[in-house]
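Trainee: Just need the structure, nothing else, for what follows:
(chains A and B)
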Amino acid sequence: MAPPADAEVVTSRRPRARRGVSLRDTGPSIALVVVFAVFAALSPGFRTLSNVQNIMDAAAVLAVVTCGVTFVLMMGSIDLSTPGIMGASAITVALLVANNRNDNDLGMLGVAVAVLLAAALGCLSGLALVALKVPSFMTTLGVSAVGLGVATLLFAGVQPNITDEMLEGWAVERTLGLSHLTWIAVACVLVGWSVQRWTRLGRYAYAIGGAEEVLGLSGVKVAPFKVGVFTMAGAFYGLAGVMVTSQLGAGLVQAGKGYDFSAITAAVVGGTLLSGGRGGVLHSAVGVLLVTVLTNGLVQVGVSPYWQGGVQGLIVVAAVAAAVIPQRRRNQVTK
Amino acid sequence: MRFTSRPAAAVIGVTLAATALTGCTEEAVGTSGPTEAAAACDPADVKLVGQVRNESNPYEAAWLDGGDAFAEQVGLTQERLTYDGDSTRQQEQISQLLAGDTDCLVMNVLPNGDSDTPPIVEGAEGAGAYLVTQWNKPADLNVADYQYWLSHITYDGVASGKQIGDALAEAIGGSGGIIALQGILDTGAAKDRFAGLEESLAANTGVELLDDQTANFSRAEALEVTKTLLSKHGDDVKGIWAANDDMALGALEALQQAGRTDVAVVGIDAVPDALTAIEDGAMTATVSSDGPWQGGIGLAIGYCVATGELAVEDIAAEDRAWFAEQFLITADNVADFTSPETDPADFECANVFNRSQGAIS
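Mentor: Predicted coordinates:
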């Protein structure tokens, strides 16, 4: 028994420095290509350039949210605070840039304040998790309610509509064929990937999800990193809330409605495990594209709205099943 | 010590509970009919409660403001309740209310869904609290079977869907392609409104429905769906029919991002942003159920019965469950609706059923 165990030690050290893409990570990408090809074959409207731009634009907000949630999932925690944090940041930014409710005109500073507020709410989730030992499922649900409460207070019965040209321009103006929101999302994915790849925060997020006890035994204080990850996730949700405000031209309390589960779905479809320790920002980005292509494609092909929900669910399950087959053999799929 | 006191505590608890229950039953038996109790209610003792989903929705916020306006008219204040679209919370709030003093309690309630109405009605009936419900009610639940459930008010969704359908057809000159954004598909409102559009399409033969999709009554979803449909149908789209204003506003945003100014958009609900859009000429029409009036009228009916000015027996059968009047808003009359105010005359006991368009069939 000794030699195989020895060999295993050697191989398990290698994946940390893995640079290429291994076979077991390509499942979601293959599923994306297949789904895209099928829709392109079925619908002439789907394969137009304007529709591809459309898909990228539609994926932007979800991609930014998923960047944040991915880090939390990598730690083996879960984050349901998205709707509240996005709502709070959406209303905040709408009230700080030029709008119809007050005379504020802070521009980029307003955006920064909204993102900081969101980061603070995320930090609150993290602190409650590590200091009060409340499971992330409950803390984030609570913080979501806090965020919605803040948003409702600020909303005060009158819809804040933005007139800020810079923020409105994010959704309308295009560079190289993609809206500025899409470029922001691309930047977020790159930032997220860099954090995951090169910083201690990202590396430890992986390690906490993989084997938190081992990390603790080797003298690492994991608590600050957990708080750090939730804070960063909050900042991503805050930016997503700002992006929704830019798209809709108004600060909505419901700006983040449904994004919690869409983002978790996208991350899981992309190959990030709910049990933590596997996946990452690039996986999740592929998952986001897969989910968005599905939504768009079903409309383009002309599937009846009465059938879409069900059909979408079936394809997602099939895609995940196909994506995890290589992992299933290694018994690495979460139960 | 702890172990010995526990059975005693249990006995006392059970006794207390039994006493409380007996008290309730006797009270319910003692009050034979609302007319008797009604005479006992001093106008100053009436407690007014308005309950809607949330105040973060302009329409429902306006509803509660209308309730406040009525309460002020009769020298009272309204208790504002919101349950965030959570059925369980709604039921909890109602049971808390009904556990208190219910002699002169008047409730104007927006049930979260059809299935939430029966327990609210049963609770109010048992406690003897005056209840008016709006929008949601199972079709087989008959208001006339109850003494304290005074009235149920709703709006003919088929009529509103048709009204805006016709306005859209007129705006695009009677011919051309339109797309429809439906609401949450398993709600009565979405089904009725779409049936209204189909009636309108049958009458306006030049208008062609290119596509219908759901955006679940959401502004953000409507934005994405509209962008997709615009890239699918391109310049064939001359108009967009949306089952509510939130979706219409999302569609407007998508049109702006696509640089299209030649598309007519209609919605339902008359939210403030939609009215502004109609004033600016960006939107063609919407339909108003008059939220402030809804907030006041439910309380007004309950108040009239509680103070004895109106007897339940005297309310006509067709006024127990009825369709209220709704208003088509276009550029011509939008100015009348931009700052909605309630008219005190609407809430006088002789006028409370004036807006009836007939019984719910």
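
Trainee: alpha carbons only for contacts and neighbour counts from here, please
Mentor: Fine.

Trainee: hang on, residue B:128 packs against residue B:102?
Mentor: Yes. Counting by Cα atoms under 8 Å, residue B:128 touches residue B:102, with 6.4 Å between them.

Trainee: in the stretch 251-361 of chain B, which spans are strands?
Mentor: Secondary structure of the stretch 251-361 of chain B (DSSP state E, counting those that start in this stretch): strands at B:264-266, B:286-288, B:321-324, B:327-329, B:356-359.

Trainee: Let me know which of these is tucked in deepest.
Mentor: Ranked by average neighbour count under the criterion mean count of other Cα atoms under 10 Å in any protein chain shown, the strands of the stretch 251-361 of chain B are headed by strand B:264-266 at a mean of 29.

Trainee: Tell me the helices and strands packed up against it.
Mentor: When contacts are defined as 3 or more Cα pairs under 8 Å, 6 or more residues apart in numbering or on different chains; DSSP states H and E, strand B:264-266 packs onto helix B:157-171, strand B:237-242, helix B:245-257.

Trainee: Can you add mean neighbour count and give these back as CSV?
Mentor: Compiled in CSV, the helices and strands packed on strand B:264-266 are given as follows (neighbours: other Cα atoms under 10 Å in any protein chain shown):
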stretch, mean neighbour count
helix B:157-171, 24
strand B:237-242, 26
helix B:245-257, 25
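
Trainee: Which one of the ones you listed lies nearest to residue A:76?
Mentor: helix B:245-257 (36.2 Å; Cα to Cα).

Trainee: what angle do the closest one and strand B:237-242 make?
Mentor: Using axes from the mean of the first three to the mean of the last three Cα atoms, to 10 degrees, the inter-axis angle of helix B:245-257 relative to strand B:237-242 is 150 degrees.

Trainee: Within range of chain A, give me the residues from the stretch 1-150 of chain B.
Mentor: With Cα under 8 Å from any Cα of the partner chain as the criterion, the stretch 1-150 of chain B meets chain A at residues B:55-58, B:61.

Trainee: Could you turn the buried ones of those residues into a ChimeraX selection?
Mentor: Buried subset of the residues of the stretch 1-150 of chain B next to chain A, written as a ChimeraX selection, criterion 16 or more other Cα atoms under 10 Å in any protein chain shown:
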select /B:55,56,57,58,61
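
Trainee: want to try CSV for the residues of the stretch 1-150 of chain B next to chain A, with pLDDT, secondary structure and distance to residue A:58 as columns?
Mentor: What follows is the residues of the stretch 1-150 of chain B next to chain A, written out as CSV (pLDDT from 0 to 100; DSSP: H, G, I helix; E, B strand; the rest coil; distance: Cα to Cα, whole Å):
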residue, pLDDT, secondary structure, distance to residue A:58
B:55, 83, coil, 29
B:56, 76, coil, 25
B:57, 75, coil, 25
B:58, 76, helix, 27
B:61, 87, helix, 31
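
Trainee: Would you check that residue A:69 makes contact with residue A:265?
Mentor: No. Counting by Cα under 8 Å, residue A:69 does not reach residue A:265; the two are 10.4 Å apart.

Trainee: out of the two, which sits in the busier spot?
Mentor: Set side by side, residue A:69 and residue A:265 show more neighbours around residue A:69, with 31 against 21, by other Cα atoms under 10 Å in any protein chain shown.

Trainee: Now do stretch B:216-234: everything it contacts.
Mentor: A:45-46, A:50-51, A:54, A:58, A:244, A:248, A:255, A:296, A:299-300, B:179, B:181-185, B:210-211, B:213, B:215, B:237, B:243-244, B:246-255, B:258 (Cα atoms under 8 Å, 6 or more residues apart in numbering or on different chains).

Trainee: how does it look with 6 Å?
Mentor: With contacts defined as Cα atoms under 6 Å, 6 or more residues apart in numbering or on different chains, stretch B:216-234 is touched by A:45, A:51, B:183-184, B:215, B:246-247, B:250-251, B:254.

Trainee: how many other residues sit next to the closest residue to chain B within the stretch 51-200 of chain A?
Mentor: Closest residue of the stretch 51-200 of chain A to chain B, Cα to the nearest Cα: residue A:172 (5.2 Å). Neighbour count of residue A:172, defined by other Cα under 10 Å: 19.

Trainee: Up against chain B, what does the stretch 51-200 of chain A have?
Mentor: Proximity of the stretch 51-200 of chain A to chain B (Cα under 6 Å from any Cα of the partner chain) is limited to residues A:51, A:152, A:157, A:172.

Trainee: Same list, these, but as CSV with pLDDT and secondary structure please.
Mentor: Shown next, in CSV, are those (pLDDT from 0 to 100; DSSP: H, G, I helix; E, B strand; the rest coil):
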residue, pLDDT, secondary structure
A:51, 90, helix
A:152, 90, helix
A:157, 74, coil
A:172, 87, helix
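
Trainee: Now those residues in CSV, please, with extra columns for distance to residue B:225.
Mentor: Output for these, formatted as CSV (distance: Cα to Cα, whole Å):
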residue, distance to residue B:225
A:51, 12
A:152, 27
A:157, 27
A:172, 17
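
Trainee: Farthest-apart pair in these, please.
Mentor: The span of these, defined through Cα to Cα, is set by A:51 and A:157 at 36.7 Å.

Trainee: In terms of helices and strands, where is residue 150?
Mentor: As the question left the chain open, I've gone with chain A. helix A:136-155 (DSSP states H and E).

Trainee: was after chain B, sorry
Mentor: strand B:149-154.

Trainee: Now the helix holding residue A:150: buried residues?
Mentor: Buried residues in helix A:136-155, defined by neighbour count with 16+ other Cα under 10 Å: A:136, A:138-152, A:154-155.

Trainee: Output that helix in CSV, but only the C-alpha positions, please.
Mentor: Extracted in CSV, the C-alpha atoms of helix A:136-155 (Å, rounded to 0.1, in the frame of the first residue of the first chain):
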residue,chain,number,x,y,z
SER,A,136,-23.6,31.7,6.1
PHE,A,137,-27.1,30.6,4.9
MET,A,138,-28.7,32.5,7.7
THR,A,139,-26.3,35.5,8.0
THR,A,140,-26.6,36.3,4.3
LEU,A,141,-30.4,35.9,4.3
GLY,A,142,-30.5,38.3,7.2
VAL,A,143,-28.2,40.8,5.5
SER,A,144,-30.4,40.6,2.4
ALA,A,145,-33.4,41.7,4.5
VAL,A,146,-31.3,44.5,6.0
GLY,A,147,-30.3,45.7,2.5
LEU,A,148,-33.9,45.6,1.3
GLY,A,149,-34.9,47.5,4.4
VAL,A,150,-32.3,50.2,3.8
ALA,A,151,-33.4,50.3,0.1
THR,A,152,-37.1,50.7,1.1
LEU,A,153,-36.3,53.5,3.5
LEU,A,154,-34.3,55.4,0.9
PHE,A,155,-37.0,54.7,-1.7
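
Trainee: Burial check on residue A:258, number of neighbours?
Mentor: By other Cα under 10 Å, 11 other residues sit near residue A:258.

Trainee: So what does it have for phi and psi?
Mentor: Main-chain dihedrals, residue A:258, degrees, to the nearest 10: phi 90, psi -10.

Trainee: gap between it and chain B?
Mentor: Distance of residue A:258 to chain B, given as Cα to the nearest Cα, to the nearest Å: 10 Å.

Trainee: Could I get the full set of strands for chain A?
Mentor: Counting by DSSP state E, chain A has these strands, from start to end: A:174-175, A:178-179.

Trainee: Can you work out which other helices and strands pack against the strand holding residue B:150?
Mentor: strand B:130-134, strand B:321-324 (3 or more Cα pairs under 6 Å, 6 or more residues apart in numbering or on different chains; DSSP states H and E).

Trainee: next one: stretch B:138-148 to chain centre, how far?
Mentor: 17 Å (Cα atoms, centre = their mean, to the nearest Å).
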